[in-house]
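Student: Below is the sequence, then the predicted model.
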Amino acid sequence: MSTEILAIACDQQILRSYTLPFTGSVLVRNGQEVEAGQPVAEIQMPERYQVFDAINGLKINPKNIDRHIERLVGEPVKAGDVIAQKSGLISRLFRASQDGMVVAIRDGRITLALGERSCKCWQLSREQWSKSFRNAARWWRWKLAAAGRVGQRAEQLRELTRLEPTESAAR
């Protein structure tokens, strides 16, 4: 059995790379010291998503769906633009409720990313990071146990999630 141990001294620098989930900008420079609670990046993400079931909403045959969809994936849309329509004696329309983009068309469902909002990514304090790591480790331990894969990996996770006793708890 082998166990990896990571020891970090108080004065060591920890470098960690992250990928932003959406387009955005990094607010700090390479090598800059960052305090807990300081914003390190800002991303622009959709305000909300809207999924429209074109087959049931327009009451069309799934084989003919391509004839009724007016927009392609990746196309920007303005509020009121027609996304899909069924023409005829009784016509039906699906319009964008606000500015956005068509992000997916699959199995007769059209997904729109609507609006835009800005979110900041913050540097966590050591306590916040430790707590989120322990919660993630507990979740994985539960997931492994539920899947019936309790073994060496589960034992390592158990070690990670053990809480160190505080002075008040030791009394």
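Tutor: All right, it came through fine.
Student: Cys121: what's it in contact with?
Tutor: 18, 20, 39-43 (Cβ atoms under 8 Å, 6 or more residues apart in numbering). No exception for glycine: its C-beta is placed from N, CA and C like everyone else's.
Student: For it, I want the exact helix or strand it lies within.
Tutor: Here Cys121 sits within strand 117-122, counting by DSSP states H and E.
Student: which parts of that strand are buried?
Tutor: Going by neighbour count (16 or more other Cβ atoms under 10 Å), the buried part of strand 117-122 is Cys121.
Student: how about the helices of this protein, start to end?
Tutor: For the chain, the helices defined by DSSP state H cover 54-58, 65-68, 126-146, 152-161, 167-170.
Student: hmm, back to that, can I get the buried part of the contacts of Cys121 as one PyMOL selection?
Tutor: Applying 16+ other Cβ under 10 Å to the contacts of Cys121, the buried members can be selected in PyMOL as follows:
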select buried, resi 41
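Student: and the contacts of Cys121 as JSON lines, adding pLDDT and distance to Arg95?
Tutor: As requested, the contacts of Cys121 are exported to JSON lines (pLDDT from 0 to 100; distance: Cβ to Cβ, whole Å):
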{"residue": "Tyr18", "pLDDT": "69", "distance to Arg95": "38"}
{"residue": "Leu20", "pLDDT": "75", "distance to Arg95": "31"}
{"residue": "Pro39", "pLDDT": "84", "distance to Arg95": "37"}
{"residue": "Val40", "pLDDT": "83", "distance to Arg95": "39"}
{"residue": "Ala41", "pLDDT": "84", "distance to Arg95": "34"}
{"residue": "Glu42", "pLDDT": "87", "distance to Arg95": "31"}
{"residue": "Ile43", "pLDDT": "86", "distance to Arg95": "28"}
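Student: Number of residues surrounding the residue lying closest to Gln123 once chain neighbours are set aside?
Tutor: Excluding the flanking residues, the one nearest Gln123 by Cβ to Cβ, 6 or more residues apart in numbering is Val34, at 4.6 Å. For Val34, the neighbour count with other Cβ atoms under 10 Å is 12.
Student: and Val34, what is it in contact with?
Tutor: Taking Cβ under 8 Å, 6+ apart as the test, what Val34 contacts is 28, 40, 123.
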